[in-house]
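Student: here is a sequence with its predicted model. Questions after.
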Amino acid sequence: MNRIVGAAVFVGTAAIALLGSAPAYADDASYLAALDANGVFKSGPPNARLSAGHRFCNQLRGGSSVDQVVNDYVTRPSFGGPSMVDDLTVNLRPVIDIAQHELCPDTLH
């Protein structure tokens, strides 16, 4: 009986340790908050800002490097109106960095 109790305690402790060390995941709200906190890409409505971040993540997941994403954006700026395009053109690398950390940490190397 002591073995069963000991095993149960071990399994319970291991489960708590695993749950406690689970990696945090990011989401849309943390992405928008990070953009605001860093003072970048503040123009445009939240859905357009999110769309840009998710698009960058999709490009990175598709095998593009950050440099390729930047070059693709410069040749095809297709987000929102002129103020959003200007804002992203000036702040593109920080926005991609924030997107990687907040929306797609799996793309960080």
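Tutor: That came in fine, so what should we check first? Treat the numbers as computed from the prediction; the structure is a model and nothing was measured. Residues are numbered from 1 along each chain as shown.

Student: measure E102 to L50 for me?
Tutor: Noted for E102: a distance of 10 Å to L50, by Cβ to Cβ, to the nearest Å. C-betas here are computed from N, CA, C, even on glycine.

Student: and for the two, which residues touch both?
Tutor: Residues touching both E102 and L50 (Cβ atoms under 8 Å, 6 or more residues apart in numbering): Y31.

Student: who has more neighbours, the two?
Tutor: E102 (21 against 18; other Cβ atoms under 10 Å).

Student: which residues of this protein fall in helices?
Tutor: Along the chain, counting by DSSP state H, helices occupy 2-20, 28-38, 46-61, 66-75, 82-102.

Student: can I get the ones you listed in TSV with mean pLDDT?
Tutor: What follows is those, written out as TSV (pLDDT from 0 to 100):
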stretch	mean pLDDT
helix 2-20	45
helix 28-38	96
helix 46-61	94
helix 66-75	88
helix 82-102	89
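
Student: alright, calling it a day.
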